[in-house]
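>>> dropping a prediction and its sequence here:
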Amino acid sequence: MANKATPVLVWLAMAATVSAYQGGGVRWLKTPCLLTHAASHASHASLRPRVPAAAGRGAMSTLRMGRIGGEAEAEEQRTVRRTFLQLGTGVGMILLDAVLPAGAKGPKKTTEDVVTSFGQLVQAQGTIEKADALAQKSDWEGVRSLFKQDEIKNIENLLLDLVNGPVISAEDKKTIGTRKRYGIAADVIYGIDGVLSGIDSLSTPQVQNCSAGSCSGELVEGEEEIKKSFKNLKASLSEILTLCRAYKELK
């Protein structure tokens, strides 16, 4: 119900703002501006010396003052309009951001979609375990072959299905996260990328990254780094699956 109400709340906030601008609400912002302008004008007028002006010059001065006043009024209206539009957009975005689950903006999924994707993530866990066993034997081509399977290639979409579906709570969706809004899912996605990138780099010596401004200049032990990536990858995916199993639909 909350998900269906979200667009309505956003549009109501924007519509209310526009309505206030088109109606009398704009006077709330305009009044302080007008009072300040009037006070400033009166102050400057009292300080100017009173020198008699020629009739022609006085007429031109009146026209010039009228033109300046019109320009000031137009600028004031533009400022008020910008303020109201910014207010409406800001309120709408706050409402929208408050209820969207962890950056998920994809198509909404059904309970059946979530259950299916969860099952494929369980398969992915088994595939990663097999790949890790091959990595311990330095069978890199075997790891590549396993990582070409659908449950691994599509793992980001499977994780998105969890946060775009109705099964998991909003809080748990934030914990899982996405690639863009960092969470456990990002650890899984980048973990797979890290393993494949590590295999690609085995034939090219890699220098260790600098840490706390200190650079050792030592070479990275490629195979050991890949094995570390597997450890983190398995832990992250296991954490997501454990979280999901708390829901009766995913037991």
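Good, I have the coordinates. Numbers count the residues shown, from 1 in each chain.

>>> list the contacts for the nearest residue to G191 once chain neighbours are set aside?
Take G191 and drop its neighbours on the chain: the residue closest to it by CB to CB, 6 or more residues apart in numbering is L233, 3.2 Å away. C-betas here are computed from N, CA, C, even on glycine. Counting by CB atoms under 8 Å, 6 or more residues apart in numbering, L233 touches I128, D187, V188, G191, I192, G194, V195.

>>> and the fifth one, that one's in a helix?
Okay, so that is I192. Yes: assessed with DSSP: H, G, I helix; E, B strand; the rest coil, I192 lies in a helix.

>>> pretty sure it sits against F147.
Yes: at 6.7 Å, I192 counts as touching F147 under the criterion of CB atoms under 8 Å.

>>> so where's the chain uncertain?
Applying pLDDT under 70 to the chain picks out residues 1-106, 205-220.

>>> which of the contacts of L233 sits closest to L250?
The nearest member of those to L250, counting by CB to CB, is V188 at 16.7 Å.

>>> what's the helix or strand for the closest one?
V188 is part of helix 184-200 when elements are defined by DSSP states H and E.

>>> quick one, domains of this protein?
2-99, 111-250 (automatic domain parsing).

>>> packing partners of the helix holding V188?
Applying 3 or more CB pairs under 8 Å, 6 or more residues apart in numbering; DSSP states H and E, we find helix 184-200 packed against helix 140-146, helix 155-164, helix 170-176, helix 222-244.

>>> can you rerun that using 10 Å?
Packing partners of helix 184-200 (3 or more CB pairs under 10 Å, 6 or more residues apart in numbering; DSSP states H and E): helix 111-136, helix 140-146, helix 150-153, helix 155-164, helix 170-176, helix 222-244.

>>> now the angle from it to helix 155-164?
Calculated by axes from the mean of the first three to the mean of the last three CA atoms, to 10 degrees, helix 184-200 forms an angle of 180 degrees with helix 155-164.

>>> which parts of helix 184-200 are buried?
Buried residues in helix 184-200, defined by neighbour count with 16 or more other CB atoms under 10 Å: 184-192, 194-196, 198-199.

>>> what is the neighbour count of S203?
Residues near S203, counting by other CB atoms under 10 Å, number 7.

>>> now it, what's its secondary structure?
coil.

>>> check the gap between it and G222 for me.
S203 sits 9 Å away from G222, going by CB to CB, to the nearest Å.

>>> re earlier: now distance to I168 too, for the contacts of L233, in CSV please.
As requested, the contacts of L233 are arranged in CSV below (distance: CB to CB, whole Å):
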residue, distance to I168
I128, 22
D187, 17
V188, 16
G191, 21
I192, 22
G194, 26
V195, 27
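
>>> thinking again about what came up before, measure the residue nearest to G191 to T178 for me?
For L233, the distance to T178 equals 17 Å [CB to CB].

>>> same check on N232?
Distance of N232 to T178, computed by CB to CB: 18 Å.

>>> check F147 too.
In this view, F147 and T178 are 21 Å apart by CB to CB.
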